[in-house]
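Participant: structural data only, the sequence is not supplied:
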């Protein structure tokens with residue numbers, strides 16, 4: 001039996017929950033990745049359709065178009081702005097800012113807290129497992145008969161085995177922390193894109209209104 005197998009057999013009370021945490025954490029990461037993909041949309045393809053719909057059907061038609069699109073920006077941000085368009089540009093800005101803060105950002109940050117929480121807990125549980133295993137190992141060494149080197153030698157492998165708990169905790173925590181940082185960075189860039197898109201929508205609505213106004 002190699003050292004890793006010995007860890008899972010002899011230290012199962014630490015190996016089992018840590019393995020479970022690793023599976024749950026990476027399932028959450030995969031879930032978050034899928035949500036990120038579903039939240040995106042191709043705005044380059046949407047803008048011409050949106051402009052044409054505004055000219056032909058007005059804001060109501062544009063709202064219906066955005067609701068049928070995939071992605072958080074058209075479904076939530078543009079819909080909120082277009083619904084407030086009859087009240088003016090200031091109302092559009094307030095409505096879209098509220099949608100960003102209360103609807104979109106909470107969706108983007110969904111699952112990030114448990115991912116980071118599991119990363120921190122896995123590290124601490126791994127360290128706790130190592131400390132407890134080391135205590136048991138040193139107790140066994142101290143209980144060995146003095147002058148009997150076989151007692152110390154028999155526990156040498158147990159010392160190395162105790163470090164598996166910390167190693168397993170770090171192998172779980174390091175990629176989770178990395179993914180958490182990448183998700184936060186992606187959210188920041190997405191938020192910047194939303195604000196730029198919101199301003200572009202306001203300009204588009206204003207220009208469409210000016211174009212629709214009859215010449216005096």
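Facilitator: Yep, it's here. Keep in mind that what you see is a predicted model, and the values were worked out from it rather than measured. Numbers count the residues shown, from 1 in each chain.
Participant: how close does residue 42 get to residue 71?
Facilitator: Distance of residue 42 to residue 71, given as C-beta to C-beta, to the nearest Å: 8 Å. Heads up, the C-betas are built off the backbone N, CA and C, glycines and all.
Participant: please apply the same query to residue 19.
Facilitator: From residue 19 to residue 71 the distance is 36 Å (C-beta to C-beta).
Participant: so those two - more neighbours on which side?
Facilitator: Neighbours were tallied for residue 19 and for residue 71 using other C-beta atoms under 10 Å; the higher tally belongs to residue 71 (18 against 14).
Participant: pretty sure that one sits against residue 36.
Facilitator: No. Using C-beta atoms under 8 Å, residue 71 is not in contact with residue 36; the gap is 10.8 Å.
Participant: packing partners of the helix or strand residue 107 falls within?
Facilitator: Counting by DSSP states H and E, the element that carries residue 107 is helix 105-108. Packed against helix 105-108 by the contact rule (3 or more C-beta pairs under 8 Å, 6 or more residues apart in numbering; DSSP states H and E) you find helix 12-39, helix 149-212.
Participant: contacting residues around the residue nearest the centre of the chain?
Facilitator: Centroid-nearest residue in the chain: residue 112, 4.1 Å away (criterion: C-alpha atoms, centre = their mean). Residue 112 is in contact with 32, 180, 183-184, counting by C-beta atoms under 8 Å, 6 or more residues apart in numbering.
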